[in-house]
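Asker: just to be clear, the model below is a prediction. Sequence and coordinates:
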Amino acid sequence: MSHMWTFQRVGGLDQVVFNSSDDIINLADLDPKLWVALSCPTTGLNFDKRTLALLDVDQDGRIRIPDILDAISWTKDKVLSFDKILQSSDILPLAQIDTTTKAGQKLLVTAHSILANLNKSQQNFLTQDDVQQSIKINAGKLYNGDLIFPPASELSTTMQTFIQSAIKVIGAEKDMSGQAGINLDIATTFVNNLQTWQQWQTDISKTETPFGENRTEIWKLVQTLKPKIDDYFLRIELAQYAPQAQTALNVDEKYIVPTENGLLSDDALAELPLSKIDTNSTLDLVNGLNPLWKSKVSQFKSLVASSLANPDQLSQAEWQHIQTSLQAYTKLINSKPEMTKIKVTIAPIGSIEDLPAQLIASLTDKQLLNEFQHMVEQDNQTPISAADVLVLEKLVLFHKHLYRLLVNFTSFADFFSLENTAAFQLGKLYIDGRCATLCVAVDNIGKHSTLANYSELCLLYCECTRHGQKQLIAAAITAGQGDLLIEGRNGVFIDTDGNDWDANVVKIISKPISIQQAVWAPYQRIGRLITEQINKWASSKDASIEKSSAQVIQNPENKFDIGKSVGVFAAIGLAIGAIGTALATIFQAIFSLTWWQLPLVIIGLFLIISGPSVILAWLKLRRRTLGPLLEASGWAINGQVKINLLLGGLLTSKAELPQNAKRNLRDPMRKRSQKPLIAFILAILIGIGVSGAWLWHKGYFNQYFEPQKQQQTTNNANTQK
């Protein structure tokens with residue numbers, strides 16, 4: 001029978017709910033398409049870094065669904081129940097360890113040993129702090145069960161040299177304390193390579209040549225000079241074959257002239273022939289040599305002089321004889337053995353060739369390797385094995401953090417609960433009287449903003465600094481106004497550890513923030529447009545006045561001619577008349593309305609102006625989603641994670657006075673004046689007067705005065721009778 005799941009519709013997605021331990025145990029049966037996230041990075045998260053490192057088995061910097069399922073399966077084999085995991089318990093009860101297997105029994109023994117070392121023998125549970133303290137204590141010991149030995153001072157000088165040389169040539173692993181050291185595999189490989197190298201060197205030393213101990217140095221010089229000497233003898237043969245080409249075979253003057261800075265180029269000279277080309281079939285080893293090669297030729301001459309008929313001359317036959325004498329040596333040199341390489345955490349920084357022959361001879365002593373093997377055996381018998389401690393650490397961390405990972409990966413329950421902080425929320429940004437809680441990590445602002453733009457969120461990219469440290473964040477502003485959110489503004493970012501960072505806004509992605517902003521946006525745009533036009537008009541007038549003033553100064557005889565300005569005055573009069581007519585028409589239309597129609601007109605104008613802006617903002621606010629924002633930070637999200645108006649208002653809080661606060665509205669820095677009060681009273685009186693006149697004009701008061709007028713008429717008629 002398949003497991004019965006419970007789903008909660010949140011953020012436009014059906015998200016799985018973890019009600020029991022069975023939900024976690026059967027998570028492998030849940031369709032990956034129903035997971036909120038498919039993968040996430042191991043950096044830039046508000047999550048235990050050690051736990052993420054343990055989850056990232058392949059160390060590629062990412063956590064995927066298989067990594068989480070493997071962690072659940074691994075934990076299931078180590079504990080009896082997942083109930084405590086649902087509670088994200090800080091403690092691992094020793095009774096929860098499954099001792100039905102040998103591995104579980106060994107873990108229990110290790111746990112008791114750790115508590116005994118910490119003087120907590122009576123404690124029946126383990127915490128993350130207990131394990132970390134145990135690791136620190138054991139890390140300071142030479143024999144701590146990790147089977148890795150750094151060149152510690154407790155070791156003999158010879159063993160320290162052995163370990164240091166192995167690290168240099170083969171590489172190293174990190175021990176429990178984080179130091180570079182070697183294990184038995186590295187030590188064995190190192191000694192085997194040394195023995196292979198030493199045997200090769202022995203074979204080379206036994207190779208017979210006519211040059212005795214100078215053979216190595218002569219061989220190196222032959223390899224260096226061979227192209228130049230071969231070229232020289234080839235040119236000689238060509239000169240003998242075609243004497244008319246002798247000039248062309250020598251150096252052209254244009255190749256030995258100084259360069260632009262007046263200096264000769266070594267690279268250019270090195271490419272020229274070794275010596276002057278003529279019909280002489282020998283190479284003069286003393287005179288006429290290319291300056292760039294003279295020192296090496298002289299060194300070669302001093303070493304092979306005994307093999308030459310004339311110590312100052314080298315014939316082609318002698319040159320061939322020298323190379324032939326070194327053929328066996330050359331063949332052995334070219335058969336250099338390939339050294340064995342193994343996979344290590346810390347790469348080597350040198351090779352066996354860097355080690356002196358005397359040191360190699362001392363390091364190949366079998367007694368050293370036997371001594372190291374004995375050290376490994378002794379370390380392996382340590383009561384608290386480093387490997388077992390690391391397994392316990394992994395179990396404690398998974399027991400504590402696995403559930404939180406699930407509600408931030410399989411579902412986003414932490415994010416939508418609003419009581420907890422999601423793993424991708426790094427802290428809070430305080431800016432412009434607001435607090436933004438949706439702050440994510442950013443590596444590259446340019447790349448991040450390209451994808452995050454599709455989230456339809458208003459984003460502030462901030463550079464945060466603290467004590468020389470820097471980090472980049474993107475904060476989503478989901479409530480309030482955006483008028484004062486500009487690049488360059490400063491704020492304070494408080495991370496989840498309570499550390500405060502200076503935040504500077506370096507980039508903004510402008511999007512609708514709230515309906516309130518959309519309501520007043522058209523009027524603000526109109527206000528800005530009017531202000532800009534007034535400024536332009538004032539600036540143009542200032543410029544024209546300055547220009548006309550300059551013309552008046554230059555041409556003082558010019559007088560004002562009213563005849564030339566008649567057209568201007570006429571145009572102004574027509575404009576004023578048109579404006580007056582339009583205003584009269586508008587007021588006539590307004591006064592022709594009944595009293596209950598006026599509010600409807602005002603509401604209609606408001607809807608005409610603000611309606612389109614509100615509708616567009618509402619449509620964009622409905623499209624706000626978390627997915628592209630997290631995708632830009634390296635996540636892989638399944639579908640859209642909606643951020644509606646309610647959630648948006650909760651993710652960004654505005655400044656509010658405390659519930660029981662008292663507020664004094666008298667501002668001592670504000671000048672007290674009766675003018676505003678007088679103006680307010682006059683405005684009310686004028687409004688009453690205008691309203692009364694309009695009501696009188698419309699005859700609304702006739703119903704009160706007509707009966708009195710009729711009564712008076714009746715009385716007058718009776719009197720006349």
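Answerer: Nice, I can see it.

Asker: so which residues of the stretch 501-650 of the chain form helices?
Answerer: Here the stretch 501-650 of the chain has its helices, by DSSP state H, counting those that start in this stretch, at 515-554, 566-591, 597-622, 627-632, 645-651.

Asker: can you give me the buried ones in stretch 360-379?
Answerer: 360, 363, 364, 368, 369, 371, 372, 375, 379 (16 or more other CB atoms under 10 Å). (C-beta placed from N, C-alpha, C; glycine too.)

Asker: residue contacts, the second one?
Answerer: In this case it means residue 363. Taking CB atoms under 8 Å, 6 or more residues apart in numbering as the criterion, residue 363 is in contact with 161, 162, 165, 190, 191, 194, 355.

Asker: for the residue nearest the centre of the chain, what are phi and psi?
Answerer: In the chain, the residue lying closest to the centroid (CA atoms, centre = their mean) is residue 443, at 2.0 Å. Here the main-chain torsion angles of residue 443 (degrees, to the nearest 10) amount to phi -100, psi -50.

Asker: one more: residue 342?
Answerer: According to degrees, to the nearest 10, residue 342 has phi -130, psi 160.

Asker: residues near it, how many?
Answerer: Residues near residue 342, counting by other CB atoms under 10 Å, number 12.

Asker: OK, contacts around it?
Answerer: So residue 342 contacts 170, 171, 185, 186, 189 (CB under 8 Å, 6+ apart).

Asker: out of the residues you listed, flag the one nearest to residue 579.
Answerer: Of all these, residue 579 sits closest to residue 171, with 88.6 Å by CB to CB.

Asker: ok, the closest one touching residue 350?
Answerer: No - with contact defined as CB atoms under 8 Å, residue 171 does not count as touching residue 350 (10.4 Å).

Asker: between the two, which one's more packed in?
Answerer: More crowded of residue 171 and residue 350, by other CB under 10 Å: residue 171, with 21 against 12.

Asker: for that one, phi and psi?
Answerer: Dihedral angles (degrees, to the nearest 10) for residue 171: phi 120, psi -170.

Asker: what does residue 652 give?
Answerer: phi -120, psi 120.

Asker: before we move on, what about residue 465?
Answerer: Per degrees, to the nearest 10, the backbone of residue 465 is at phi -130, psi 150.

Asker: kindly report the same for residue 124.
Answerer: Backbone geometry at residue 124, expressed as degrees, to the nearest 10, gives phi -110, psi 20.

Asker: what about it, neighbour count?
Answerer: Quick note: residue 124 (other CB under 10 Å) scores 13 neighbours.

Asker: grab the nearest non-local neighbour of residue 501.
Answerer: residue 464 (3.8 Å; CB to CB, 6 or more residues apart in numbering).

Asker: farthest pair within the contacts of residue 342?
Answerer: Greatest spatial distance among those (CB to CB): 171 and 185, at 10.7 Å.

Asker: returning to that earlier point: keep only those of the contacts of residue 342 that are in strands.
Answerer: Judged by DSSP state E, the contacts of residue 342 include no members of strands.

Asker: select only the buried ones of the residues you listed in PyMOL?
Answerer: Buried residues among the contacts of residue 342 (16+ other CB under 10 Å), as a PyMOL selection:
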select buried, resi 170+171+186+189
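
Asker: now render the contacts of residue 342 as TSV, adding distance to residue 281 and pLDDT.
Answerer: Output for the contacts of residue 342, formatted as TSV (distance: CB to CB, whole Å; pLDDT from 0 to 100):
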residue	distance to residue 281	pLDDT
170	53	93
171	54	93
185	60	94
186	58	93
189	54	93
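
Asker: closest one of the contacts of residue 342 to residue 237?
Answerer: So of the contacts of residue 342, ranked by how close each gets to residue 237 (CB to CB), first place is residue 170, at 50.8 Å.

Asker: what's around the closest residue to residue 510 other than its chain neighbours, how many residues?
Answerer: Spatial nearest neighbour of residue 510, chain neighbours left out: residue 458 (6.3 Å); criterion: CB to CB, 6+ apart. Using other CB under 10 Å, residue 458 is surrounded by 25 other residues.

Asker: residue 225 now?
Answerer: Other residues close to residue 225 by other CB under 10 Å number 18.

Asker: among the buried residues of stretch 360-379, which lie within helices?
Answerer: 360, 363, 368, 369, 371, 372, 375, 379 (DSSP state H).

Asker: ok, the last one - contacts?
Answerer: For residue 379, the contact set (CB under 8 Å, 6+ apart) comprises 143, 144, 145, 146, 147, 149.

Asker: count the neighbours of the second one for me.
Answerer: When neighbours are defined as other CB under 10 Å, residue 144 has 22 of them.

Asker: ok, now which ones touch it?
Answerer: 138, 175, 176, 379, 382, 384, 386.

Asker: let me know the closest of the residues you listed to residue 428.
Answerer: residue 176 (37.2 Å).

Asker: ok so, going back, show me the two of the contacts of residue 144 that sit farthest apart.
Answerer: 175 and 384 (14.6 Å).
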